[in-house]
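Undergrad: okay, structure incoming, though there's no sequence with it:
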């Protein structure tokens, strides 16, 4: 029995699921009915004509081939539209960061609130999750939302949803990730917008995620090179997030969370055209939480103006 639908995409997933189930059942019934009819009609000892008459009906053959083909192509196109919808979060979606590790889910809200194995979200508002793993492959699975997304070490994956039902909904890991995999769970708590605002105010941290990133940006010497007034020829990060960056090897990439993450830990592979390869790698020097804070700070600079690229 499926859990009640609790997200905006759940009805689409369920409609596709039941349509495919009925279609496959209809084809299976048709095949088995034909099989049984011919098995009975041509059983041993029956009076059926077995003289091998050749009967050809092109219309029947084309119908049997093209109608199922058209139905399954339609199902493919339908599923493709759902896939595209599920991987295209709206621009105004609230971004929450999730770090998976053996065996827990660590959540970072942009305002600075932190949670373990729990995620509070507002009803009726789009929420985007930017996720990474600190160790092995995990899988973020919310059955009531009909959503599942692998969470990988060393890169960012995302999913988004609009909660449509108040309450608490199980959060599971759907990828075997070690000894205590079965205990890696939690819950998503959907609250009214006013209640969610009160929850944010009542669980305020020492500072926003971007504010912590600004401190890291200064303490690790990033501002010494990336400040617009710096004498070192390094890219200005103001307005970088979401723009198209031209790399020295001829590629163009979008400056999203994954790109910014790789710029910090693998700068040699993300060299911007026109800049020397002088940035050191911070791989192993920063935790995933610190990387998220730095990325949040760089994202906060996006509204300040156009950018020239990133390291």
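TA: Looks like it arrived, so ask away. Since we're looking at a predicted model, the values are computed, not measured.
Undergrad: I'd like the secondary structure assignment at the residue located most distally from the centre of the chain, please.
TA: Within the chain, residue 47 marks the point farthest from the mean C-alpha position, 62.0 Å out by CA atoms, centre = their mean. At residue 47 the chain is in coil, as set by DSSP: H, G, I helix; E, B strand; the rest coil.
Undergrad: i'd like the first residue to be 20 from this point on
TA: Shifting the count to begin at 20 puts that one at residue 66.
Undergrad: per-residue confidence at it?
TA: At residue 66, the model reports a pLDDT of 81.
Undergrad: try residue 247
TA: Per-residue pLDDT puts residue 247 at 69.
Undergrad: surely residue 147 forms part of a strand?
TA: Yes: assessed by three-state DSSP, residue 147 belongs to a strand.
Undergrad: that one: how many residues sit nearby?
TA: When neighbours are counted by other CB atoms under 10 Å, residue 147 registers 17. C-beta coordinates here come from the backbone N, C-alpha and C atoms, glycine included.
Undergrad: next up, the contacts around it.
TA: 108, 112-115, 177-179 (CB atoms under 8 Å, 6 or more residues apart in numbering).
Undergrad: low-confidence stretches in the chain?
TA: In the prediction, the chain carries residues with pLDDT under 70 at positions 20-21, 71-74, 224-225, 247, 249-250, 321-330.
Undergrad: circling back: show the buried residues in the contacts of residue 147.
TA: Neighbour counting by 16 or more other CB atoms under 10 Å classes 108, 112-115, 177-179 among the contacts of residue 147 as buried.
Undergrad: among the contacts of residue 147, which lie within strands?
TA: Judged by DSSP state E, the contacts of residue 147 include 113-115, 177-179 as members of strands.
Undergrad: can I get those residues in JSON lines with distance to residue 285?
TA: As requested, the ones in strands among the contacts of residue 147 are exported to JSON lines (distance: CB to CB, whole Å):
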{"residue": "113", "distance to residue 285": "29"}
{"residue": "114", "distance to residue 285": "23"}
{"residue": "115", "distance to residue 285": "25"}
{"residue": "177", "distance to residue 285": "20"}
{"residue": "178", "distance to residue 285": "24"}
{"residue": "179", "distance to residue 285": "26"}
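Undergrad: and of the buried ones among the contacts of residue 147, the nearest to residue 165?
TA: Nearest to residue 165, judged by CB to CB, of these is residue 178 at 10.9 Å.
Undergrad: buried residues in the strand or helix carrying residue 38?
TA: According to DSSP states H and E, residue 38 maps onto helix 29-60. Neighbour counts over helix 29-60 (16+ other CB under 10 Å) mark 29, 31-32, 35 as buried.
Undergrad: hmm, residue 271 and residue 264 touching each other?
TA: Yes: with contact defined as CB atoms under 8 Å, residue 264 reaches residue 271; the gap is 6.8 Å.
Undergrad: and residue 124, helix, strand or coil?
TA: Following three-state DSSP, we place residue 124 in the strand state.
Undergrad: show me what contacts it?
TA: Contacts of residue 124 by CB under 8 Å, 6+ apart are 117-118, 135-136, 138, 159, 190, 203, 205.
Undergrad: need the buried ones from those selected in PyMOL.
TA: A single PyMOL command selects the buried members of these (16+ other CB under 10 Å):
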select buried, resi 117+118+138+159+190+203+205
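Undergrad: so which of the contacts of residue 124 sit within strands?
TA: 117-118, 135, 138, 159, 190, 205.
Undergrad: circling back: any chance of the buried residues of helix 29-60 in JSON lines, with distance to residue 308 too?
TA: Listed next are the buried residues of helix 29-60 as JSON lines, based on distance: CB to CB, whole Å:
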{"residue": "29", "distance to residue 308": "31"}
{"residue": "31", "distance to residue 308": "34"}
{"residue": "32", "distance to residue 308": "32"}
{"residue": "35", "distance to residue 308": "37"}
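Undergrad: and which of these is nearest residue 288?
TA: Among those, residue 32 lies closest to residue 288 (CB to CB), at 36.3 Å.
Undergrad: surely residue 260 and residue 318 touch.
TA: Yes: judged on CB under 8 Å, residue 260 makes contact with residue 318 at a distance of 4.5 Å.
Undergrad: from residue 217, how far off is residue 197?
TA: According to CB to CB, to the nearest Å, residue 197 stands 37 Å off from residue 217.
Undergrad: next: residue 206.
TA: According to CB to CB, residue 206 stands 19 Å off from residue 217.
Undergrad: then residue 44?
TA: To residue 217, residue 44 is 48 Å away according to CB to CB.
Undergrad: so what's the residue nearest to residue 200 when sequence neighbours are not counted bridging to?
TA: With CB to CB, 6 or more residues apart in numbering as the criterion, residue 200 has its nearest non-adjacent residue at 6.2 Å, and that residue is residue 192. Here residue 192 sits in beta bridges with residue 159, going by DSSP bridges.
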